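Q: Got a predicted structure plus its sequence, pasted below:
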Protein chains: 2
Amino acid sequence: MNPDNNAVPELTPDAEAVCCSAENEALVREILERVADRWTLLVIDAFEDERTMRFSRLQDRVSGISQKMLTKTLRQLERDGLVHRTVHPTVPPRVEYTITPLGLGLAEALCGVWKWAAANIDAVHAARREFDQKNRREAA
Amino acid sequence: MNPDNNAVPELTPDAEAVCCSAENEALVREILERVADRWTLLVIDAFEDERTMRFSRLQDRVSGISQKMLTKTLRQLERDGLVHRTVHPTVPPRVEYTITPLGLGLAEALCGVWKWAAANIDAVHAARREFDQKNRREAA
DNA sequence: CCGCATCCTGTCGGATACTG
DNA sequence: CAGTATCCGACAGGATGCGG
């Protein structure tokens, strides 16, 4: 697939067994649907460098997100136990979000996607250009 | 980053360099945003068992998806070079979608998320219950 | 069987203004 | 600074019907 193999390491036999059983499909679906919105993945991603951050710092790192969506996304992550929220009752208020071990596990899993993206974005762009050209020819 | 290594195998030094460099952030973002909609991940997931399928089979496997969204999602995947589309000019028409090596790479990367989900869904559910209870107390 | 076009709706999500 | 509330536009996405 990709000449340099290191992007996706070999699966252990055990891992494969887990990976392809059909029973858990509904569970995985649930997680995927929960996580597959415009911001959740990006927010989780933001925690890979700093494991604990203030609200404003997060908003800064996930560029483009509104405070409304950041709040909402963080609430969901908190509810799912992926992020922990600490309010320091000072003035001005200071709220820190920390990624939990659970969340960190997901972040690691996402790191695989991260790596794939970094390694293959050029191929994707190339495919895209080719596709668009082909379509323009057909349109003509 | 993680004390227990077993979830994600050791990264080669090379891979780590790719994984955490800040430069590629925009690229990864682009991919994540492209892929993080309601259906794309689920469709890719559907290809993990069978690498080539007819349209109707796909619609069957990704339960709940409308033909409109399936078509749209597949077009995007095709454009990005993740899926290949073959039209057999028979009657009735027979259209087959095959995941490409590129797409397969992404599917593998997603497999990490898959595994995480299967392993930790209980923890997520538990966290969710706890969170909801806490909120109900506060509401009272 | 596949998938396009049309219509229509709910919801996502941004902008703004206001509290503690 | 962090969060809520309100308003509102845009668009995702379902239902239906037609066409190849």
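A: Everything's here; your move. Residues are numbered from 1 along each chain as shown, chains lettered A, B, ... in the order given.
Q: Check whichever residue of chain A sits closest to DNA strand D and give its pLDDT.
A: Among the residues of chain A, residue A:56 lies closest to DNA strand D, at 2.8 Å counting by C-beta to the nearest atom of the strand. For every residue, glycine as well, the C-beta is placed using N, CA and C. pLDDT recorded at residue A:56 is 96.
Q: mind listing what's buried in the helix or strand harbouring it?
A: Using DSSP states H and E, residue A:56 maps to helix A:55-61. Residues A:55, A:58, A:59, A:61 are the ones in helix A:55-61 that count as buried (16 or more other C-beta atoms under 10 Å in any protein chain shown).
Q: starting at the chain centroid, how far to it?
A: Relative to its parent chain, helix A:55-61 has a centroid offset of 16 Å by C-alpha atoms, centre = their mean, to the nearest Å.
Q: Output the helix or strand just after that helix as PDB, nothing but the C-alphas.
A: As assigned by DSSP H and E, the chain's next helix or strand after helix A:55-61 is helix A:67-79. These are the backbone C-alpha positions of helix A:67-79, laid out as PDB (Å, rounded to 0.1, in the frame of the first residue of the first chain):
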ATOM      1  CA  GLN A  67     -17.100  29.500  22.000                       C
ATOM      2  CA  LYS A  68     -20.600  28.000  21.700                       C
ATOM      3  CA  MET A  69     -19.400  24.900  19.800                       C
ATOM      4  CA  LEU A  70     -16.300  24.600  22.000                       C
ATOM      5  CA  THR A  71     -18.400  24.600  25.100                       C
ATOM      6  CA  LYS A  72     -20.900  22.100  23.600                       C
ATOM      7  CA  THR A  73     -18.100  19.800  22.400                       C
ATOM      8  CA  LEU A  74     -16.300  19.900  25.700                       C
ATOM      9  CA  ARG A  75     -19.500  19.100  27.600                       C
ATOM     10  CA  GLN A  76     -20.000  16.100  25.500                       C
ATOM     11  CA  LEU A  77     -16.500  14.900  26.000                       C
ATOM     12  CA  GLU A  78     -16.800  15.500  29.700                       C
ATOM     13  CA  ARG A  79     -20.000  13.500  29.800                       C
END
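Q: Report all helices and strands that the next helix or strand after helix A:67-79 contacts.
A: Sequence order places strand A:83-88 as the next helix or strand after helix A:67-79, per DSSP H and E. Judged by 3 or more C-beta pairs under 8 Å, 6 or more residues apart in numbering or on different chains; DSSP states H and E, the packing partners of strand A:83-88 are helix A:67-79, strand A:94-99.
Q: Show the average pLDDT along strand A:83-88.
A: pLDDT averaged over strand A:83-88 gives 96.
Q: Enumerate the sheet neighbours of it, specifying parallel or antiparallel for every one.
A: According to DSSP bridges, strand A:83-88 forms sheet pairs with strand A:94-99 (antiparallel).
Q: can the partner strand be found next to DNA strand C?
A: No: Strand A:94-99 lies out of reach of DNA strand C by C-beta under 7 Å from any atom of the strand, never closer than 9.3 Å.
Q: what pLDDT does the residue most central in space within chain A get?
A: What sits nearest the mean C-alpha location of chain A, by C-alpha atoms, centre = their mean, is residue A:41, with 2.8 Å. Note on residue A:41: pLDDT of 92.
Q: The one 4 residues further on now?
A: Note for residue A:45: predicted pLDDT of 90.
Q: Please look at residue A:41 and residue A:110 and confirm they touch.
A: Yes: at 6.5 Å, residue A:41 and residue A:110 qualify as touching, with contact defined as C-beta atoms under 8 Å.
Q: and for those two, which residues touch both?
A: Common contact partners of residue A:41 and residue A:110 (C-beta atoms under 8 Å, 6 or more residues apart in numbering or on different chains): none.
Q: Name the residues of stretch A:98-110 that come out as buried.
A: So stretch A:98-110, judged by 16+ other C-beta under 10 Å, has buried residues A:99, A:100, A:102, A:103, A:104, A:105, A:106, A:107, A:108, A:109, A:110.
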